[in-house]
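In: okay, predicted coordinates and the sequence, questions at the end:
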Amino acid sequence: MVLDILVVDFPADWVAPEFAPLLVAGLILAGLGTLSLFALSVVAYTKRLQRRYLLICLALGALATRTVVGWGTVFGVVPMTVHHVVAHLLDFLAAMLVLYAVYRSGTGSVSREDIV
């Protein structure tokens, strides 16, 4: 059958063979997206050399690292429990860094137009 070609056998026993191609496609897209954004953020930081650019660069680096952890989990290098802990910590770190960058980039004064 044609669908048998798409069945991939991974070392990780939690990956259902029929969903493995979707998982690989998602990880490829996530990897390309996060690594591209991370590379662009590094370029932006090297041009500006400002702290908020560094914070965004670090946040995108955390998301790129999360994809690497995902690949490690698929291939059985990173256990699922470690994957969940590390992935959620990286999510929290990325969110914290972005919020701190937004906080630091504010002027400190709020006008009436900012509220609306």
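Out: That came through fine. Numbering: from 1, shown residues only.

In: for the helix or strand harbouring residue 90, packing partners?
Out: Here residue 90, judged by DSSP states H and E, is contained in helix 80-105. Contact partners of helix 80-105 among helices and strands, from 3 or more CB pairs under 8 Å, 6 or more residues apart in numbering; DSSP states H and E: helix 51-74. Where C-beta positions appear, they are placed from N, C-alpha and C, glycine not excepted.

In: so what's the residue count around residue 85?
Out: Counted by other CB atoms under 10 Å, the residues lying close to residue 85 total 12.

In: shaky segments in this structure?
Out: 1-15, 17, 107-116 (pLDDT under 70).

In: again, only using 80
Out: Along the chain, segments meeting pLDDT under 80 span 1-21, 106-116.

In: thought residue 58 was touching residue 97?
Out: Yes - in this structure, residue 58 is within contact of residue 97 by CB atoms under 8 Å, at 5.3 Å.
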